[in-house]
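Q: Curious how this folds, go ahead:
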Amino acid sequence: MSILKRWGFAGLAMVLAAGWSYREVAFARERANEVHSGTIGVEQVEMKTATYNGQPVGQNGVYVAGETPASTKFVTGRFVLPPGKTPHAPHTHAEEEVMIVESGHGEIFCDGKTTKVGPGSVMFTVPNASHGITNTGDKPIVFYYVKWEAKK
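A: Numbering: from 1, shown residues only. Below you'll find the model as predicted:
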């Protein structure tokens with residue numbers, strides 16, 4: 001076999017190996033953001049200071065965030081909201097969302113209606129419906145949230 005053919009095969013092998021490697025790295029990065037089944041205890045969640053308009057408004061901890069087989073932008077977390085605070089003004093987003101109040105008292109604005117809430121209260125909102133929560137009590141309100149958007 002001539003030297004040109006050997007170098008041609010070697011070059012082709014290098015190109016194929018590089019392409020395969022690139023594909024594997026891209027696949028691994030995509031899978032790194034994928035949410036996997038599992039259980040997470042509250043003690044494992046790192047609570048961080050949340051801010052709104054440059055001011056601290058409470059503590060937020062994210063349990064999991066990423067892609068699932070059926071959804072995109074999946075996130076679930078826990079928020080501790082001091083008395084008189086709101087995490088942000090009522091807002092909308094493309095994801096559906098559920099909020100579950102564990103403790104404390106407040107008001108949830110959801111799709112044009114404000115409702116007083118306390119332990120055990122649940123809010124569900126469809127995509128692009130305005131919603132928000134405010135602590136109107138004298139103790140922190142603790143709530144959990146889950147957001148997701150169906151894959152198309």
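Q: Where does the nearest residue to Met123 once chain neighbours are set aside sit, in terms of helix or strand?
A: Closest residue in space to Met123, ignoring its immediate chain neighbours: Met99 at 4.4 Å, by C-beta to C-beta, 6 or more residues apart in numbering. The way it works is simple: take the backbone N, C-alpha and C, and place the C-beta from them, glycine included. Here Met99, judged by DSSP states H and E, is contained in strand 96-103.
Q: For the nearest residue in space to Pro90 that is not next to it in sequence, give me its contacts.
A: Spatial nearest neighbour of Pro90, excluding adjacent residues (C-beta to C-beta, 6+ apart): Gly132 at 3.7 Å. By C-beta atoms under 8 Å, 6 or more residues apart in numbering, Gly132 lies in contact with Thr86, Pro87, His88, Ala89, Pro90, His91, Ile108, Phe109.
Q: show me where this structure has strands.
A: With strands called from DSSP state E, the chain shows them at 47-52, 55-66, 71-81, 96-103, 106-110, 113-117, 122-125, 131-135, 141-150.
Q: wait, which of the ones you listed is closest to Glu34?
A: Each of the strands of the chain has some distance to Glu34 by C-beta to C-beta; the shortest is strand 55-66, at 5.7 Å.
Q: now the angle between strand 47-52 and that closest one, please.
A: Here strand 55-66 runs at an angle of 120 degrees relative to strand 47-52 (axes from the mean of the first three to the mean of the last three C-alpha atoms, to 10 degrees).
Q: Could you break this structure into its assigned domains?
A: 1-32, 42-150 (automatic domain parsing).
Q: Serialize those to TSV and add fields for mean pLDDT.
A: Shown next, in TSV, are the domains of the chain (pLDDT from 0 to 100):
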stretch	mean pLDDT
domain 1-32	54
domain 42-150	97
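Q: what about Ile108, how many residues close to it?
A: Per other C-beta atoms under 10 Å, the neighbour tally for Ile108 reads 22.
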